[in-house]
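Undergrad: A predicted structure for the sequence below; I have some questions about it.
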Amino acid sequence: MPSLIDLRRRIRAVKSTEQITKAMKTVAASKLRRAQDRIVGARPFAQLMRRVLSDLATRTGEAAAHPLLAPPVAPEAPTLLFLVTADKGLCGSFNSNLIRQGATFAVESDRKVAMGLVGRKGRDFFVRRGVDIRFEMVNLFNDLRYGHAEAMAETAIDQYTSGAASGVSILYNEFKSVMQQEVVVDQVLPIPALDASEGEENDAVSADYLFEPPAERIFSDLLPHHVETQFFRALLESAAAEHAARMTAMDAATRNAGEMIDGLTLHMNKVRQAAITRELIEVVSGAEAL
């Protein structure tokens, strides 16, 4: 049976851990509010832009002439998968789910997969496993900027247009709510054609287009910006999902620490009561013997 000193030390250690997890929860909640505001502002624009350009890819004959909308130059080339993980841990299964899905994507793909790794956790995992890595970026989520998406888009466009990649996709955690994040894989290049099964939502952007200036000039300006926007949206989604996952994990850890403190305190009181009872029995027994 542990002594009172050992129990007091364990209680102090758990209380220190509880203070840390409570502070981390508070910080994550504060960052989540800002990240949520950013993604709420960026998501409608990115989604509508994606639908409009998908409709262009379906309806416009000139669109097929642009390399970002055309079929891949080298269909046998590897697929380039951008995997977005966190730079830090202590966020539950956030990183492990992404890494597992990325490994599954590589195994189940019908062609070889090269990877672009964003975030330290994913980079550290796949670097040790001899994966074909075309892009790396870490330590960006403390100061997430549009320039990070521009760097990703530049690599993606160069890889696709040069024939080094037959397609570009991005895998990330999409923010649904504080309690829910969903791992999704989005095709970035070639820009996918409009899916007729989307129904009435597509009617809002489906139209016959008149181009001024010419379509080639519009596509050359608009499509790279579209790729950057999709990457930036994925980064914002991942940042918000990470803060939500960390807040949830730290809240659970704080509750577990409180329950552990209650259990240890109860056990310590029982041990102390047993020690006091034993000492009283010894005193009474000694008095009776005299």
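TA: That came in fine, so what should we check first?
Undergrad: any chance you could map the helices in the chain?
TA: 4-59, 94-108, 120-127, 146-161, 200-203, 215-289 (DSSP state H).
Undergrad: Out of these, which gets nearest to Val185?
TA: With C-beta to C-beta as the criterion, Val185 lies closest to helix 94-108 of these, at 6.6 Å. Just so you know, the C-beta spots here come from the backbone N, C-alpha and C atoms, and that holds for glycine as well.
Undergrad: Give me the angle between that closest one and helix 215-289.
TA: 130 degrees (axes from the mean of the first three to the mean of the last three C-alpha atoms, to 10 degrees).
Undergrad: quick check: angle from helix 94-108 to helix 120-127?
TA: 30 degrees.
Undergrad: buried stuff in helix 94-108?
TA: Of all the residues in helix 94-108, those buried under the rule 16 or more other C-beta atoms under 10 Å are Phe94, Asn95, Asn97, Leu98, Ile99, Gln101, Gly102, Ala103, Phe105, Ala106.
Undergrad: so who does the last one touch?
TA: Remark: with contacts taken as C-beta atoms under 8 Å, 6 or more residues apart in numbering, Ala106 is in contact with Leu81, Val113, Met115, Val131.
Undergrad: are any of these buried, and which?
TA: By 16+ other C-beta under 10 Å, the contacts of Ala106 give Leu81, Val113, Met115, Val131 as buried.
Undergrad: Can you get me a residue count around Leu144?
TA: 16 (other C-beta atoms under 10 Å).
Undergrad: Pop out the phi and psi values for it.
TA: Here is the backbone geometry of Leu144 (degrees, to the nearest 10): phi -70, psi 120.
Undergrad: ok, it touching Glu237?
TA: No: contact criterion C-beta atoms under 8 Å: Leu144 and Glu237 do not qualify, at 11.2 Å.
Undergrad: ok so, going back, the helices of the chain: which one's closest to Gln181?
TA: Using C-beta to C-beta, the helices of the chain put helix 215-289 closest to Gln181, at 4.0 Å.
Undergrad: by how many degrees do the closest one and helix 146-161 diverge?
TA: Using the same axes, to 10 degrees: helix 215-289 against helix 146-161 is 120 degrees.
Undergrad: pLDDT at the closest residue to Val84 other than its chain neighbours, what is it?
TA: Distances taken as C-beta to C-beta, 6 or more residues apart in numbering place Tyr172 nearest to Val84, at 4.0 Å, with adjacent residues excluded. pLDDT for Tyr172: 93.
Undergrad: Check Asp208 too.
TA: Taking Asp208 on its own, its pLDDT is 66.
Undergrad: And for Ser93, the neighbour number?
TA: Ser93 sits with 11 neighbouring residues when counted by other C-beta under 10 Å.
Undergrad: List the residues that contact it.
TA: Contacts of Ser93 by C-beta under 8 Å, 6+ apart are Ala245.
Undergrad: ditto for Asp221
TA: Asp221 neighbours (C-beta under 8 Å, 6+ apart): none.
Undergrad: same deal with the one 10 residues further on?
TA: Counting by C-beta under 8 Å, 6+ apart, Phe231 makes contact with Phe82, Ala149, Met152, Ala153, Ala156, Ile170, Val188.
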